[in-house]
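Novice: no sequence on this one, just coordinates:
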């Protein structure tokens, strides 16, 4: 829920600021700045809650700890690339792939009731999927529209 709030609030604020400072509503810029800020916020979890994020991953995935760190670094690096016109499309494609690849970890976390912030199996469980899967679809659609231009 926190990442959704970061995404939506930063989109609204950036849209208003673009209107005020640029004289027009620049929704593409606002959408990409919002995704960058959301990615930066989400990346914090990769470093603050590594153990819980490792618990989210299906058992067949090797090198879980390094993958959590790698995806956190990728979120930090890819975010600003969304704001640069020359790199936006490629960064968007990479993010799109990341969002699709990360979905099984979210499904696994729901099945196992993982609370990644506490690194326990006392999370909300399958009800989490009713929020997380549509949220993941929103992220994919967001990147498709604002970054890739589809």
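Specialist: Cool, got the structure. Nothing here was measured: the structure is a model prediction, and the numbers come from that model.
Novice: Can you name the residues that contact the residue nearest in space to the middle of the chain?
Specialist: Nearest to the mean C-alpha position of the chain, by CA atoms, centre = their mean, lies residue 39 at 5.0 Å. With contacts defined as CB atoms under 8 Å, 6 or more residues apart in numbering, residue 39 is in contact with 75-76, 78-79, 95. Bear in mind the C-beta positions are built from the backbone N, C-alpha and C, glycine included.
Novice: Can you pull the phi/psi pair for residue 120?
Specialist: Residue 120 adopts backbone torsions of phi -130, psi 170, taken as degrees, to the nearest 10.
Novice: partners of it in the sheet?
Specialist: residue 115 (DSSP bridges).
Novice: ok so, going back, got the phi/psi numbers for the residue nearest to the centre of the chain?
Specialist: Per degrees, to the nearest 10, the backbone of residue 39 is at phi -60, psi -40.
Novice: Give me the local confidence score for it.
Specialist: pLDDT, residue 39: 98.
Novice: returning to that earlier point: which of the contacts of residue 39 fall within helices?
Specialist: Using DSSP state H, 75-76, 78-79, 95 are the members of these that sit in helices.
Novice: Which one (most neighbours) among the residues you listed?
Specialist: Counting neighbours by other CB atoms under 10 Å, the top entry in those is residue 95, with 25 neighbours.
Novice: quick one: that residue from residue 147, how far?
Specialist: Taking CB to CB, to the nearest Å as the measure, residue 95 falls 7 Å from residue 147.
Novice: Now for those two: what residues contact both?
Specialist: By CB under 8 Å, 6+ apart, the residues touching both residue 95 and residue 147 are 35, 82.
Novice: how about the closest residue to residue 32 other than its chain neighbours, secondary structure?
Specialist: Closest residue to residue 32 apart from its sequence neighbours, by CB to CB, 6 or more residues apart in numbering: residue 82 at 4.1 Å. The assignment at residue 82 comes out as helix when based on DSSP: H, G, I helix; E, B strand; the rest coil.
Novice: Noted, bye for now.
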